[in-house]
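**Student:** got a predicted structure here, sequence first:
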Amino acid sequence: MKLSLPFLGSLFHIGARPFGERDLTADPVDLFALWWERARKSEIFDHTACTLATSTPEGAPSARVVLLKSFQKGRFVFFTNYESRKAGELEANPRAALCFHWASLLRQVRIVGPVERVSGAESDAYFRSRPRGSRVGAIASRQSRPLAQRKILEEEVARIEGAHPGEIPRPDFWGGYAISAQQIEFWQARVSRLHDRFVYEKNAESAWSWRRLYP
Ligand SMILES: Cc1cc2nc3c(=O)[nH]c(=O)nc-3n(C[C@H](O)[C@H](O)[C@H](O)COP(=O)(O)O)c2cc1C
(Lines give C-alpha, C1' and ligand atoms only; values in the text may rest on other atoms or scores of the structure.)
Protein backbone atom coordinates (compact mmCIF):
# COMPACT_ATOMS: atom_id res chain seq x y z
CA MET A 1 0.00 0.00 0.00
CA LYS A 2 1.33 3.45 -0.92
CA LEU A 3 1.27 5.89 1.97
CA SER A 4 1.70 9.60 1.36
CA LEU A 5 2.27 12.23 4.01
CA PRO A 6 -1.16 13.81 3.55
CA PHE A 7 -2.72 10.35 3.80
CA LEU A 8 -0.94 9.68 7.10
CA GLY A 9 -1.97 13.13 8.29
CA SER A 10 -5.56 12.39 7.38
CA LEU A 11 -5.51 9.08 9.19
CA PHE A 12 -4.32 10.89 12.28
CA HIS A 13 -6.99 13.52 11.81
CA ILE A 14 -9.72 10.94 11.34
CA GLY A 15 -8.45 8.73 14.13
CA ALA A 16 -8.38 11.75 16.39
CA ARG A 17 -11.82 12.98 15.48
CA PRO A 18 -14.27 10.84 13.53
CA PHE A 19 -17.11 12.50 11.66
CA GLY A 20 -20.41 12.08 13.52
CA GLU A 21 -23.80 13.51 14.40
CA ARG A 22 -22.30 16.25 16.57
CA ASP A 23 -20.53 17.71 13.51
CA LEU A 24 -23.74 18.21 11.54
CA THR A 25 -25.06 21.72 11.02
CA ALA A 26 -28.76 22.53 10.47
CA ASP A 27 -27.97 23.83 6.97
CA PRO A 28 -25.62 21.50 5.02
CA VAL A 29 -24.15 24.45 3.13
CA ASP A 30 -22.60 25.59 6.43
CA LEU A 31 -20.97 22.17 6.83
CA PHE A 32 -19.86 22.31 3.18
CA ALA A 33 -18.25 25.69 3.91
CA LEU A 34 -16.30 24.21 6.84
CA TRP A 35 -15.08 21.25 4.78
CA TRP A 36 -14.28 23.55 1.83
CA GLU A 37 -12.08 25.75 4.01
CA ARG A 38 -10.33 22.72 5.45
CA ALA A 39 -9.77 21.35 1.90
CA ARG A 40 -8.47 24.74 0.75
CA LYS A 41 -5.71 24.44 3.34
CA SER A 42 -4.85 20.77 2.88
CA GLU A 43 -5.37 19.80 -0.77
CA ILE A 44 -2.17 19.69 -2.81
CA PHE A 45 -4.09 20.31 -6.02
CA ASP A 46 -7.08 22.62 -6.50
CA HIS A 47 -9.76 21.95 -3.85
CA THR A 48 -12.38 23.59 -6.12
CA ALA A 49 -12.12 20.77 -8.70
CA CYS A 50 -15.13 18.46 -8.76
CA THR A 51 -16.70 15.94 -11.10
CA LEU A 52 -19.86 17.17 -12.82
CA ALA A 53 -22.27 14.49 -14.03
CA THR A 54 -24.96 15.27 -16.57
CA SER A 55 -27.13 13.09 -18.75
CA THR A 56 -29.22 13.17 -21.88
CA PRO A 57 -33.03 13.06 -21.51
CA GLU A 58 -32.75 9.36 -22.46
CA GLY A 59 -30.52 8.81 -19.42
CA ALA A 60 -27.10 8.40 -21.10
CA PRO A 61 -24.64 9.85 -18.55
CA SER A 62 -21.39 11.77 -19.00
CA ALA A 63 -18.96 13.21 -16.46
CA ARG A 64 -16.02 15.62 -16.41
CA VAL A 65 -14.12 17.84 -13.99
CA VAL A 66 -15.03 21.52 -13.53
CA LEU A 67 -14.01 24.17 -11.00
CA LEU A 68 -16.63 25.32 -8.50
CA LYS A 69 -16.57 29.12 -8.30
CA SER A 70 -19.14 29.87 -5.58
CA PHE A 71 -21.74 28.25 -3.34
CA GLN A 72 -23.89 30.97 -1.82
CA LYS A 73 -27.16 29.78 -0.21
CA GLY A 74 -27.04 26.30 -1.70
CA ARG A 75 -26.42 27.57 -5.24
CA PHE A 76 -23.32 25.80 -6.58
CA VAL A 77 -21.89 27.71 -9.57
CA PHE A 78 -19.42 26.73 -12.29
CA PHE A 79 -18.62 28.30 -15.68
CA THR A 80 -18.37 26.75 -19.10
CA ASN A 81 -19.12 26.99 -22.80
CA TYR A 82 -22.88 27.01 -23.46
CA GLU A 83 -22.33 25.05 -26.69
CA SER A 84 -20.31 22.24 -25.08
CA ARG A 85 -21.52 18.68 -24.64
CA LYS A 86 -22.28 19.26 -20.94
CA ALA A 87 -24.28 22.39 -21.78
CA GLY A 88 -26.27 20.53 -24.45
CA GLU A 89 -27.15 17.88 -21.89
CA LEU A 90 -28.00 20.48 -19.22
CA GLU A 91 -30.25 22.45 -21.59
CA ALA A 92 -32.15 19.28 -22.53
CA ASN A 93 -32.17 17.78 -19.03
CA PRO A 94 -31.47 20.51 -16.46
CA ARG A 95 -30.37 18.31 -13.57
CA ALA A 96 -26.83 17.52 -12.46
CA ALA A 97 -24.65 15.99 -9.79
CA LEU A 98 -21.30 17.22 -8.44
CA CYS A 99 -18.78 15.07 -6.62
CA PHE A 100 -15.78 16.40 -4.69
CA HIS A 101 -12.97 14.09 -3.59
CA TRP A 102 -10.67 15.75 -1.07
CA ALA A 103 -8.09 12.98 -0.86
CA SER A 104 -5.93 14.70 1.76
CA LEU A 105 -8.89 14.63 4.17
CA LEU A 106 -10.29 11.25 3.05
CA ARG A 107 -13.54 13.07 2.36
CA GLN A 108 -16.14 13.06 -0.40
CA VAL A 109 -19.11 15.39 -0.90
CA ARG A 110 -21.92 14.72 -3.39
CA ILE A 111 -24.42 17.35 -4.48
CA VAL A 112 -27.54 16.80 -6.61
CA GLY A 113 -30.13 19.23 -7.91
CA PRO A 114 -31.79 21.14 -10.72
CA VAL A 115 -29.65 23.45 -12.83
CA GLU A 116 -30.19 26.84 -14.43
CA ARG A 117 -28.02 29.39 -16.18
CA VAL A 118 -26.77 32.22 -13.97
CA SER A 119 -27.61 35.78 -15.05
CA GLY A 120 -25.61 37.53 -17.75
CA ALA A 121 -24.42 40.01 -15.11
CA GLU A 122 -23.05 37.19 -12.92
CA SER A 123 -21.25 35.61 -15.89
CA ASP A 124 -19.88 39.02 -16.94
CA ALA A 125 -18.52 39.65 -13.45
CA TYR A 126 -16.74 36.31 -13.34
CA PHE A 127 -15.49 36.59 -16.94
CA ARG A 128 -13.96 40.00 -16.17
CA SER A 129 -12.12 38.53 -13.16
CA ARG A 130 -10.31 35.91 -15.29
CA PRO A 131 -6.76 36.41 -16.61
CA ARG A 132 -6.64 37.81 -20.15
CA GLY A 133 -5.31 34.54 -21.59
CA SER A 134 -8.22 32.58 -20.13
CA ARG A 135 -10.70 35.06 -21.58
CA VAL A 136 -9.14 34.75 -25.02
CA GLY A 137 -9.07 30.97 -24.66
CA ALA A 138 -12.76 30.88 -23.74
CA ILE A 139 -13.63 32.79 -26.92
CA ALA A 140 -11.32 30.75 -29.14
CA SER A 141 -12.44 27.32 -27.98
CA ARG A 142 -15.42 25.73 -29.68
CA GLN A 143 -15.52 23.41 -26.69
CA SER A 144 -16.38 19.75 -27.30
CA ARG A 145 -16.38 20.06 -31.10
CA PRO A 146 -13.83 18.35 -33.37
CA LEU A 147 -10.58 20.25 -34.00
CA ALA A 148 -8.68 19.10 -37.10
CA GLN A 149 -5.33 20.55 -35.99
CA ARG A 150 -4.04 22.45 -32.93
CA LYS A 151 -2.71 25.12 -35.32
CA ILE A 152 -6.30 26.19 -36.09
CA LEU A 153 -6.94 26.92 -32.41
CA GLU A 154 -3.64 28.81 -32.05
CA GLU A 155 -4.43 30.95 -35.11
CA GLU A 156 -7.86 31.74 -33.67
CA VAL A 157 -6.23 32.82 -30.40
CA ALA A 158 -3.86 35.13 -32.31
CA ARG A 159 -6.78 36.57 -34.32
CA ILE A 160 -8.79 37.31 -31.16
CA GLU A 161 -5.74 38.87 -29.46
CA GLY A 162 -5.37 41.18 -32.47
CA ALA A 163 -9.07 42.03 -32.66
CA HIS A 164 -9.29 42.94 -28.94
CA PRO A 165 -6.22 44.91 -27.87
CA GLY A 166 -8.19 46.35 -24.92
CA GLU A 167 -11.21 44.98 -23.07
CA ILE A 168 -12.37 41.48 -24.08
CA PRO A 169 -16.16 41.13 -23.83
CA ARG A 170 -17.77 37.87 -22.69
CA PRO A 171 -19.16 35.95 -25.65
CA ASP A 172 -22.84 34.90 -25.50
CA PHE A 173 -21.80 31.25 -25.72
CA TRP A 174 -19.91 31.30 -22.41
CA GLY A 175 -21.27 31.63 -18.87
CA GLY A 176 -22.27 29.99 -15.64
CA TYR A 177 -24.67 27.35 -14.42
CA ALA A 178 -25.99 27.08 -10.88
CA ILE A 179 -27.01 23.80 -9.28
CA SER A 180 -29.62 24.37 -6.56
CA ALA A 181 -28.72 21.64 -4.10
CA GLN A 182 -31.64 19.35 -3.23
CA GLN A 183 -29.41 16.70 -1.73
CA ILE A 184 -25.92 16.95 -0.19
CA GLU A 185 -24.02 13.94 1.11
CA PHE A 186 -20.93 14.09 3.32
CA TRP A 187 -18.64 11.06 3.50
CA GLN A 188 -15.52 10.57 5.56
CA ALA A 189 -13.35 7.46 5.57
CA ARG A 190 -12.87 5.23 8.58
CA VAL A 191 -10.94 2.00 9.17
CA SER A 192 -12.16 -1.30 7.66
CA ARG A 193 -14.29 0.66 5.16
CA LEU A 194 -16.75 1.44 7.97
CA HIS A 195 -17.00 5.00 6.73
CA ASP A 196 -19.34 7.70 8.05
CA ARG A 197 -22.00 9.02 5.64
CA PHE A 198 -24.74 11.56 6.19
CA VAL A 199 -27.14 12.71 3.50
CA TYR A 200 -29.22 15.88 3.74
CA GLU A 201 -32.39 16.31 1.69
CA LYS A 202 -34.53 19.38 1.12
CA ASN A 203 -38.29 18.93 1.39
CA ALA A 204 -41.07 20.78 -0.50
CA GLU A 205 -40.97 23.57 2.13
CA SER A 206 -37.20 23.94 1.55
CA ALA A 207 -36.38 22.59 5.02
CA TRP A 208 -33.34 20.32 5.33
CA SER A 209 -33.33 16.98 7.14
CA TRP A 210 -30.54 14.40 7.34
CA ARG A 211 -30.07 10.66 7.74
CA ARG A 212 -27.03 8.48 8.38
CA LEU A 213 -26.37 5.94 5.60
CA TYR A 214 -24.58 2.61 5.67
CA PRO A 215 -21.15 3.06 4.10
C1 LIG B 1 -8.93 20.34 -13.09
C2 LIG B 1 -9.86 20.63 -14.24
C3 LIG B 1 -10.69 21.73 -14.17
C4 LIG B 1 -11.56 22.02 -15.21
N5 LIG B 1 -12.41 23.08 -15.09
C6 LIG B 1 -13.32 23.32 -16.06
C7 LIG B 1 -14.32 24.34 -15.88
O8 LIG B 1 -14.41 25.00 -14.83
N9 LIG B 1 -15.18 24.55 -16.91
C10 LIG B 1 -15.14 23.81 -18.07
O11 LIG B 1 -15.94 24.07 -18.96
N12 LIG B 1 -14.24 22.82 -18.24
C13 LIG B 1 -13.34 22.55 -17.26
N14 LIG B 1 -12.44 21.52 -17.41
C15 LIG B 1 -12.47 20.73 -18.66
C16 LIG B 1 -13.62 19.70 -18.56
O17 LIG B 1 -13.25 18.63 -17.72
C18 LIG B 1 -14.04 19.17 -19.92
O19 LIG B 1 -12.95 18.60 -20.60
C20 LIG B 1 -14.64 20.27 -20.81
O21 LIG B 1 -15.45 21.15 -20.08
C22 LIG B 1 -15.48 19.65 -21.93
O23 LIG B 1 -16.49 18.85 -21.37
P24 LIG B 1 -17.80 18.42 -22.19
O25 LIG B 1 -17.33 18.06 -23.59
O26 LIG B 1 -18.37 17.24 -21.47
O27 LIG B 1 -18.74 19.59 -22.22
C28 LIG B 1 -11.57 21.20 -16.36
C29 LIG B 1 -10.75 20.07 -16.41
C30 LIG B 1 -9.93 19.79 -15.35
C31 LIG B 1 -9.08 18.53 -15.41
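**Tutor:** Perfect, thanks for sending it.

**Student:** which stretches in the chain count as helices?
**Tutor:** If DSSP state H is used as the criterion, the helices of the chain fall at 5-16, 28-42, 85-92, 120-129, 132-140, 150-163.

**Student:** if you count neighbours, what's buried in the last one?
**Tutor:** Of the residues in helix 150-163, those scored as buried under the neighbour-count criterion (16 or more other CB atoms under 10 Å) are 156-157, 160. To be clear about C-beta, it is placed using only N, CA and C from the backbone, and glycine gets the same treatment.

**Student:** any idea how far residue 200 is from residue 191?
**Tutor:** Applying CB to CB, to the nearest Å, the value for residue 200 to residue 191 is 25 Å.

**Student:** check contacts around residue 55.
**Tutor:** Going by CB atoms under 8 Å, 6 or more residues apart in numbering, residue 55 touches 61-62, 89, 93, 95.

**Student:** show me which pair in the residues you listed is furthest apart.
**Tutor:** Greatest spatial distance in these: 62 and 95, 13.2 Å, computed using CB to CB.

**Student:** residues from the protein in reach of the ligand?
**Tutor:** Residues of the chain lying close to the ligand (CB under 6 Å from any ligand atom) are 49, 62, 64-67, 78-81, 84-86, 143-144.

**Student:** what's the single longest strand in the protein?
**Tutor:** As assigned by DSSP state E, the longest strand anywhere in the chain is strand 107-117.
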